[in-house]
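Enquirer: here's my sequence, what's the structure:
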Amino acid sequence: MILTTSRKPGRKTRRFAKVMSRFFNWTYVQRGKTPVSELGNRYAIVQEIKGNPAILKIYDGVEVFSMRFSVGEINKVKMGREVPVFYGKVPFSRCLRYFNALSADEKVSRKVANALLSPKSVFIKKKDNKIVLELVYDKRTVTRMISDERWIFCSGKVR
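Expert: From the prediction side, this is the model:
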């Protein structure tokens, strides 16, 4: 999967996109004036609102996942190529394959996740109507994303 940003991203958006691409084992591409048609069918875009990363969209020919969020701290952490594991109730579990990740909610995946002992974890917590995604590598917080449940769209389209 290729991850890129909008045409003229701010520094915080570029940093967030690079951290996300390393965490989910995606390829980060500086977009510049490159049209999205040259990125292929499967790609993700981080868009910004008022200079801050705010929207993640994933395309597989058509838009299959969209999430609006606000981001907390963004920490640069050296990471390996392990498979990330989602813990908690994932509101977009049908779209996990686009994240190259496992869900520890499913019994089979839980056994695989425990066998892998992946240091990459995404903890999903629900507070009020907000969903907090905390990306953790080796017990260190990489970034924290806060979203409203109504801001998450997953088509669940199988290709």
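
Enquirer: please make it C-alpha for all contacts and neighbour counts, starting now.
Expert: Will do.

Enquirer: regarding this protein, what is its longest helix?
Expert: Longest helix of the chain, by residue count under DSSP state H: helix 11-23.

Enquirer: in its sheet, what does the helix or strand following that helix sit against?
Expert: Toward the C-terminal end, the helix or strand that comes next after helix 11-23 (DSSP states H and E) is strand 27-28. Each strand that pairs with strand 27-28, with its direction, by DSSP bridges: strand 2-5 (parallel).

Enquirer: residues contacting the strand it pairs with, please?
Expert: By C-alpha atoms under 8 Å, 6 or more residues apart in numbering, the surrounding residues in contact with strand 2-5 are 13-14, 17, 21, 26-31, 39, 42-47.

Enquirer: which among those residues count as buried?
Expert: Neighbour counting over the contacts of strand 2-5 (16 or more other C-alpha atoms under 10 Å) leaves 13-14, 17, 21, 26, 28, 30-31, 39, 42-47 as the buried ones.

Enquirer: that older thread, give me the distance between the longest helix of the chain and the centre of its chain.
Expert: Here the centre of helix 11-23 is set off from its chain's centre by 10 Å, with C-alpha atoms, centre = their mean, to the nearest Å.

Enquirer: likewise stretch 63-75?
Expert: Here stretch 63-75 is found 7 Å from its chain centre; the criterion is C-alpha atoms, centre = their mean.

Enquirer: pull the residues that contact it.
Expert: Contact with stretch 63-75 is made by 15-16, 19, 52-59, 95, 141-148, 151-157, as judged by C-alpha under 8 Å, 6+ apart.

Enquirer: likewise stretch 7-16?
Expert: Residues outside stretch 7-16 that contact it (C-alpha under 8 Å, 6+ apart) are 5, 31, 32, 33, 46, 47, 48, 51, 52, 53, 74.

Enquirer: dump stretch 125-140 to CSV, keeping only the CA atoms.
Expert: What follows is stretch 125-140 as a C-alpha-only set of coordinates in CSV (Å, rounded to 0.1, in the frame of the first residue of the first chain):
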residue,chain,number,x,y,z
LYS,A,125,-10.7,2.7,23.6
LYS,A,126,-14.1,4.2,23.6
LYS,A,127,-14.8,7.2,25.8
ASP,A,128,-18.3,8.8,25.5
ASN,A,129,-18.9,8.9,21.7
LYS,A,130,-15.2,9.3,21.0
ILE,A,131,-12.9,6.5,19.8
VAL,A,132,-9.2,6.7,20.8
LEU,A,133,-6.7,4.8,18.7
GLU,A,134,-3.3,4.6,20.4
LEU,A,135,-0.5,3.3,18.2
VAL,A,136,2.2,1.7,20.5
TYR,A,137,5.5,0.2,19.5
ASP,A,138,7.4,-1.8,22.2
LYS,A,139,5.4,-0.2,25.0
ARG,A,140,6.1,3.4,23.7
